[in-house]
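**Q** Predicted model, plus sequence, below.
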Amino acid sequence: MDVNEIREYLPHRYPFLLVDRVLEITPGESIVALKNVTVNEPFFNGHFPEHPVMPGVLIVEAMAQAAGILGFKTMDKKPQDGSIYYFVGSDKLRFKRPVVPGDQLKLEASILSEKRGIWKFAVKATVDGDMVSSATILCADRKV
């Protein structure tokens with residue numbers, strides 16, 4: 001999926017759309033996506049100007065957005081159908097290394113369970129095969 005198709009499955013827009021490409025997706029199972037981190041990201045102006053580091057909360061958000069695409073594709077829904085996917089929780093969240101300009105985040109998510117519109121995903125982010133972050137996250141499918 002390129003960014004135009006990604007925009008069909010996520011309601012996010014610049015500067016908060018944090019998935020640039022989907023490399024692999026198996027609805028009902030897993031997704032592999034990319035976020036290219038450039039020095040032009042607006043958050044680097046303040047985090048931190050002399051030592052730019054991608055905020056951890058945005059790494060988690062990028063993983064959640066990848067999981068959101070997987071959830072929407074699995075349900076065969078899009079935001080334009082009147083559905084929204086909220087990030088509602090995380091467990092076992094860990095950060096292993098900073099993400100800096102020039103890095104390419106590989107975002108992976110797999111479905112662990114779904115019950116009454118609450119989805120549980122195992123997610124991880126890597127750079128060049130090195131673990132950046134991992135977590136179990138919860139997302140809720142709701143009508144808008």
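**A** Good, I have the coordinates.
**Q** ok now do residue 80, which residues does it touch?
**A** For residue 80, the contacting residues are residue 8, by CB atoms under 8 Å, 6 or more residues apart in numbering. Any C-beta I mention is one placed from the backbone N, CA and C, and that applies to glycine too.
**Q** From residue 72, how far off is it?
**A** According to CB to CB, to the nearest Å, residue 80 and residue 72 sit 11 Å apart.
**Q** burial of residue 31, as a residue count?
**A** 27 (other CB atoms under 10 Å).
**Q** again with residue 130
**A** By other CB under 10 Å, neighbour count at residue 130 equals 9.
**Q** Then residue 4?
**A** That count, for residue 4 with other CB under 10 Å as the rule, works out to 7.
**Q** and what of the one 10 residues further on?
**A** The criterion is other CB under 10 Å. On that basis, residue 14 has 6 neighbouring residues.
**Q** got it, and residue 116?
**A** Neighbours of residue 116 using other CB under 10 Å come to 6.
**Q** next one: phi and psi at it?
**A** Dihedral pair for residue 116: phi 50, psi 40, per degrees, to the nearest 10.
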